[in-house]
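Colleague: next input, structure requested:
(one chain, ligands or ions: 2)
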Amino acid sequence: MGEIDPAFIQDPQHRSKISFTEAQGIPLIDLSHIPTHTSDKVSAVNEGVVREIGDACKEWGFFQVINHGVPSEKRQRIEDASRKFFAQSLEEKRKVRRNDKEVLGYFDTENTKNVRDWKEVFDFTVEEPTIIPASHEPDDKEVTEWNNQWPDYPSELREACQEYAQEMVKLAYKLMELVALSLGLPGDKFHGFFKDQTSFIRLNHYPPCPDPHLALGVGRHKDAGAITILAQDDVGGLEVKRKTDGEWVRVNPTPDAYIINVGDIIQVWSNDKYESVDHRVVVNSKRERFSIPFLFNPAHYTLVKPLEELTNEQNPAKYRAYNLGKFIINRKRSNFQKLNVENIQISHFRI
Ligand SMILES: O=C(O)CCC(=O)C(=O)O
Ligand SMILES: [Fe+2]
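Modeller: Ligands and ions are numbered 1, 2, ... in the order given. Presented below is the predicted three-dimensional model:
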């Protein structure tokens, strides 16, 4: 005990337990009968899946999908490239380091809720470049570009990432269609929001940790985007805060499955019908772990607010509209300046 830098040490109430509870009952949903372009008229087969998705979003905020249509070679390729990238020396990795000007690339000092995460990451956006507000100032209309920083090694990383991103976008549209249908909306209800998407992918590497019960790979948090599609390897460590009793439960790895979770934006759009759920990553002292989340995010100019179709006099909007781009910039800012305040959250816009 006590071998690690105090910056990593979680308050006792947030530490992982010695034994963990396996998440029983996180729905495993088979997408094999879902065509890429689900029309508004769901067939009888698809109706069952739509109901399963709706129930999973309500009861868990999390589910897993199989037969999702993402070719396993593409997943393998990005996973292999990620391993090669992180196996390099810190000096090499820092050549594509995130800094005040470049917000994407390699980063090994991320804090979640002001405690350092036991991990290193490599971030890249789907759109190259990604357009985003130039400042957090509400009245500043100027925009800027975020550009990816690609490392020289491994040489296949860039293409592997770009190809994988296209697969993630396809699956994300399919999932958003199912979510829309489950809310009683037209299948394409959400599509327009993603035209100039700010989606990004993060390669996560969690090295073995000498004190796994003091630190976390990622501290408890909710994802700020619309929906997250996560590939985790066979090590395990992702924990979800179960809605029924607030217990942290472990999502055991299922080979070739993706873990899907509702993000804050779906929570706002659905006016709290579907909630974004707290999750975290527990580390261990023996095996390094890799994961790849894809965060499907609308365009920066999106005004995020409860959908009119889902609100009425009895169920008024629970949130004020917020500008997504400004929200993203505010978050980045607080991460950088290590302001001793928690990141901006959707709860700031709660009415
Ligand atoms: O590594 C994981 O399993 C999850 C990571 C995560 O929640 C995130 O990066 O937002
Ligand atoms: Fe997350």
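
Colleague: contact residues of the stretch 51-200 of the chain facing ligand 1?
Modeller: Taking CB under 6 Å from any ligand atom as the test, the list of the stretch 51-200 of the chain residues beside ligand 1 is empty. C-betas here are computed from N, CA, C, even on glycine.

Colleague: residue ranges with poor pLDDT in the stretch 51-200 of the chain?
Modeller: Along the stretch 51-200 of the chain, the model assigns pLDDT under 70 to no residue.

Colleague: nearest to ligand 1: which residue in it?
Modeller: Val121 (7.5 Å; CB to the nearest ligand atom).

Colleague: would you enumerate the residues in contact with that residue?
Modeller: Applying CB atoms under 8 Å, 6 or more residues apart in numbering to Val121 gives the contacts 106-108, 110, 202-205.

Colleague: so Arg51 sits against Ser182, correct?
Modeller: Yes: the pair Arg51 / Ser182 is scored as a contact, 7.1 Å apart, by CB atoms under 8 Å.

Colleague: those two: which is more packed in?
Modeller: More neighbours surround Ser182 than the other of Arg51 and Ser182, with 22 against 13 (other CB atoms under 10 Å).

Colleague: could you point out the longest helix of this structure?
Modeller: Assignment by DSSP state H gives helix 157-182 as the longest helix of the chain.

Colleague: what residue of the chain is the furthest out?
Modeller: Glu313 (32.8 Å; CA atoms, centre = their mean).

Colleague: which stretch of helix or strand covers that one?
Modeller: Glu313 is part of no helix or strand, with elements assigned from DSSP states H and E.

Colleague: any idea how far it is from ligand 1?
Modeller: Distance of Glu313 to ligand 1, computed by CB to the nearest ligand atom, to the nearest Å: 37 Å.

Colleague: before we move on, what about Tyr322?
Modeller: For Tyr322 relative to ligand 1 (CB to the nearest ligand atom), the value is 20 Å.

Colleague: that residue: what's it in contact with?
Modeller: 303-305, 346, 349.

Colleague: same thing but at 6 Å, please
Modeller: 304, 349 (CB atoms under 6 Å, 6 or more residues apart in numbering).

Colleague: what segments of the stretch 1-150 of the chain are strands?
Modeller: With DSSP state E, counting those that start in this stretch as the criterion, the stretch 1-150 of the chain has strands at 21-22, 28-30, 62-66, 105-107, 111-112, 115-116, 120-125, 130-133, 143-146.

Colleague: how much does the third one deviate in direction from helix 157-182?
Modeller: Using axes from the mean of the first three to the mean of the last three CA atoms, to 10 degrees, the direction of strand 62-66 lies 110 degrees away from that of helix 157-182.

Colleague: repeat for the longest one
Modeller: Counting by the same axes, to 10 degrees, strand 120-125 points 70 degrees away from the direction of helix 157-182.

Colleague: could I get the buried residue list for strand 120-125?
Modeller: Within strand 120-125, the residues that qualify as buried are 120-125, counting by 16 or more other CB atoms under 10 Å.

Colleague: strands paired with it, and their directions?
Modeller: Applying DSSP bridges, strand 120-125 is found paired with strand 105-107 (antiparallel), strand 200-206 (antiparallel).

Colleague: with the second one instead?
Modeller: Each strand paired with strand 28-30, and its direction, by DSSP bridges: strand 62-66 (parallel).

Colleague: now swap in the fifth one and tell me
Modeller: Based on DSSP bridges, the strands next to strand 111-112 in the sheet, each with its direction, are strand 115-116 (antiparallel).

Colleague: list the contacts of the strand it pairs with.
Modeller: 7-8, 10, 219.

Colleague: how about the nearest residue to the residue of the stretch 101-250 of the chain found nearest ligand 1, chain neighbours excluded?
Modeller: The stretch 101-250 of the chain approaches ligand 1 most closely through Leu238 (3.7 Å), counting by CB to the nearest ligand atom. Among residues not flanking Leu238 along the chain, Val251 sits closest, at 4.6 Å (CB to CB, 6 or more residues apart in numbering).

Colleague: and the one you found, what does it touch?
Modeller: Per CB under 6 Å, 6+ apart, neighbours of Val251: 23, 238, 240, 259.

Colleague: can you do 10 Å?
Modeller: 22-23, 26, 60, 62, 64, 230, 232, 236-240, 257, 259, 261, 279 (CB atoms under 10 Å, 6 or more residues apart in numbering).

Colleague: out of these, which are buried?
Modeller: 23, 26, 60, 62, 64, 230, 232, 236-240, 257, 259, 261, 279.

Colleague: related to what we said a few turns ago, mind listing what's buried along the longest helix of the chain?
Modeller: For helix 157-182, a neighbour-count test (16+ other CB under 10 Å) marks 157, 160-162, 164-165, 167-169, 171-182 as buried.

Colleague: quick check: phi and psi on the residue lying closest to Thr302 once chain neighbours are set aside?
Modeller: Distances taken as CB to CB, 6+ apart put Leu324 closest to Thr302, at 4.5 Å, once the chain neighbours are dropped. Here is the backbone geometry of Leu324 (degrees, to the nearest 10): phi -60, psi -40.
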